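Peer 1: everything below, folded, please.
(chains A and B)
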Amino acid sequence: MRYFLLAFILVALTACATKDNDKVEQTWKGKGFTYYPSGTLKPSNSGTGRRGDNYIYAPNIRFPLAYAPAYINSQVYGVGGQFGPRGSLCDKRNYQYPWRDNYCEKRTRGMPLCPAGVGHQGVDIRAKDCKDNTYYAVAVEEGVITYIGSYSVKLRGKSGRTYRYLHLNARSIQVRRGQRVWRGQKIGRVSNNMGGTKTSIHLHFDIKQTIRFGNTSKSVYVPPYSSLVDAYKRLLRGRP
Amino acid sequence: MRLLLTTLLLLSSLNAESGILDIKWPKPNPQQQKPSIPYPSVLTEGIKNTKLPVYIPSSLAYDKKMVVVANKNFYSISFLFQGATLMVSGDKTFQESIPSSNSDFQKMMKASPTVEFMEEEGMRSANFNRHGVNYELIIECEKPKTDTRCTEEQYIRKLYSRLIMVGGRP
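Peer 2: Residues are numbered from 1 along each chain as shown, chains lettered A, B, ... in the order given. This next block holds a predicted model:
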């Protein structure tokens, strides 16, 4: 009986925790910005996020898009996505709040910080609307551009963190390798560039940093969502 | 619930301390340190102030078109191939530390292998720690879904196995 009661309490607590996590936090009534807590991935079996991880791994970064509004949500499980509801990728439901974390969403990529050990390495961000090659991605902190590939740009910030911007229009890139950039400097315009294979129009943004533990260390993709919520609030306040 | 509690517990003891990692310098290998044919100046000049062991794939050590971005704490060297770009980088800074009391987080981090060959957004990478420094070798293809350098692991493994130290000083 005692064990039964204990099990019941645990199940009840789990249910409460899940309910709380799914609640939309309506913090920005004036601007209409709402978001789900970190780690609350889109339902329908899209993976397991880091629920409750509200730690800001990259404090005081600038939001990576020049202007609001912007929308963090799933490309794969959203409307028109590979595993999402039928419809256009440009469906207006993809361009509205609340935000939803998609770090650790189901992928095959090795990710030590994801509960499944694999998952999405960053978050996908949509700009104001579905217009291609229109909205600028900007440097989130002062630093140097270390790499430009077919569809990715890497910025190493003064903090030592590396920020990766994917799917920018290759012809719109405003920086070159080795160039020093300031916080907020234009990098390129959001597009669907993935080399020869097109993707949806969005910015994939991730943060890699080194975590020291004991006498060793590891460079890992850390959860960017809380840092971005924080940065977005500053952008909405007019102090990016 | 377990995950939630674990996460809360471990995050409460994450430490936003940043700094420089200790390097266990390798014994000098005369062949690598002083090659019979000098490395191109783009490489030697680019990494002259870099204070960590600099590794690049041996087959690319004489590529004069490499682009080097470096300072004393990190380097990033990229190479342009037909239809692909390769980057190798090393960094001796850290941005977070976990106290030894946080065994859950330590376990999670240690559970991942020392050398990780990963698929990354259409790219392939090798991430590893050597001499206390964290390195990354990554290839990005113009046709990520059909180019075998990015669809298969073999190519990045081959490059990883051919890394040589070309510079860096204590």
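Peer 1: which residue is nearest the centroid of chain B?
Peer 2: B:Y135 (1.5 Å; CA atoms, centre = their mean).
Peer 1: element containing the nearest residue to that one once chain neighbours are set aside, please.
Peer 2: Closest residue to B:Y135 apart from its sequence neighbours, by CB to CB, 6 or more residues apart in numbering or on different chains: B:G90 at 4.7 Å. Just so you know, the C-beta spots here come from the backbone N, C-alpha and C atoms, and that holds for glycine as well. Using DSSP states H and E, B:G90 falls within strand B:84-91.
Peer 1: follow-up on the earlier one: so the residue nearest to B:Y135 makes contact with B:F74?
Peer 2: Yes: between B:G90 and B:F74 there is a contact at 6.4 Å, judged by CB atoms under 8 Å.
Peer 1: between these two, which has more neighbouring residues?
Peer 2: B:G90 (27 against 22; other CB atoms under 10 Å in any protein chain shown).
Peer 1: name whatever forms a beta bridge with the more buried one.
Peer 2: Note on B:G90: beta-bridge partners B:Y75, B:Y135, judged by DSSP bridges.
Peer 1: list the contacts of it.
Peer 2: B:L52, B:P53, B:V54, B:Y55, B:F74, B:Y75, B:V133, B:N134, B:Y135, B:E136 (CB atoms under 8 Å, 6 or more residues apart in numbering or on different chains).
Peer 1: just put the residues you listed in JSON lines and tack on distance to A:F213 and pLDDT.
Peer 2: As requested, the contacts of B:G90 are exported to JSON lines (distance: CB to CB, whole Å; pLDDT from 0 to 100):
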{"residue": "B:L52", "distance to A:F213": "19", "pLDDT": "96"}
{"residue": "B:P53", "distance to A:F213": "21", "pLDDT": "96"}
{"residue": "B:V54", "distance to A:F213": "25", "pLDDT": "96"}
{"residue": "B:Y55", "distance to A:F213": "23", "pLDDT": "97"}
{"residue": "B:F74", "distance to A:F213": "20", "pLDDT": "97"}
{"residue": "B:Y75", "distance to A:F213": "24", "pLDDT": "98"}
{"residue": "B:V133", "distance to A:F213": "15", "pLDDT": "95"}
{"residue": "B:N134", "distance to A:F213": "12", "pLDDT": "96"}
{"residue": "B:Y135", "distance to A:F213": "18", "pLDDT": "97"}
{"residue": "B:E136", "distance to A:F213": "18", "pLDDT": "97"}
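Peer 1: from those residues, which is closest to chain A?
Peer 2: The nearest member of these to chain A, counting by CB to the nearest CB, is B:N134 at 4.1 Å.
Peer 1: contacting residues around the closest one?
Peer 2: Counted by CB under 8 Å, 6+ apart, B:N134 has contacts A:T210, A:S217, A:K218, A:S219, B:L21, B:G90, B:D91, B:K92, B:N127, B:F128.
Peer 1: out of those, which are inside strands?
Peer 2: Members of the contacts of B:N134 lying in strands (criterion: DSSP state E): A:T210, A:S217, A:K218, A:S219, B:G90, B:D91, B:N127, B:F128.
Peer 1: strands of the chain, start to end?
Peer 2: Just so you know, I chose chain A. With strands called from DSSP E, chain A shows them at A:25-28, A:33-35, A:71-72, A:123-126, A:136-138, A:143-148, A:152-157, A:162-166, A:180-181, A:186-189, A:203-213, A:216-222.
Peer 1: can you look at chain B instead?
Peer 2: With DSSP E as the criterion, chain B has strands spanning B:19-20, B:54-57, B:67-70, B:74-81, B:84-91, B:93-94, B:96-98, B:115-120, B:123-130, B:133-141, B:163-167.
Peer 1: what is the fourth one packed up against?
Peer 2: Counting contacts by 3 or more CB pairs under 8 Å, 6 or more residues apart in numbering or on different chains; DSSP states H and E, strand B:74-81 is packed against strand A:143-148, strand A:152-157, helix B:41-46, strand B:54-57, strand B:67-70, strand B:84-91.
Peer 1: for the chain, what are the low-confidence residue spans?
Peer 2: You didn't say which chain, so I picked chain A. Filtered on pLDDT under 70, chain A yields the residue ranges A:1-23, A:25-30, A:44.
Peer 1: chain B is the one I meant
Peer 2: Scanning chain B for pLDDT under 70 picks out the ranges B:1-13, B:29-33, B:112.
Peer 1: how about 80 then?
Peer 2: For chain B, residues meeting the criterion pLDDT under 80 lie at B:1-17, B:28-34, B:99-113.
Peer 1: one step back: identify the farthest-apart pair in the ones in strands among the contacts of B:N134.
Peer 2: Pairwise distances across these (CB to CB) peak at 13.8 Å, for the pair A:K218 and B:G90.
Peer 1: residues in contact with the nearest residue to A:V140 once chain neighbours are set aside?
Peer 2: Of all residues not flanking A:V140 in the chain, A:I61 sits nearest, at 4.1 Å (CB to CB, 6+ apart). For A:I61, the contacting residues are A:V140, A:E141, A:G157, A:Y163, A:S227, A:L228, A:A231, by CB under 8 Å, 6+ apart.
Peer 1: so which of those residues comes closest to chain B?
Peer 2: The nearest one, if we look at these relative to chain B and count by CB to the nearest CB, is A:G157, at 9.5 Å.
Peer 1: so the closest one makes contact with A:E142?
Peer 2: Yes: here A:G157 reaches A:E142: they are 6.9 Å apart, a contact under CB under 8 Å.
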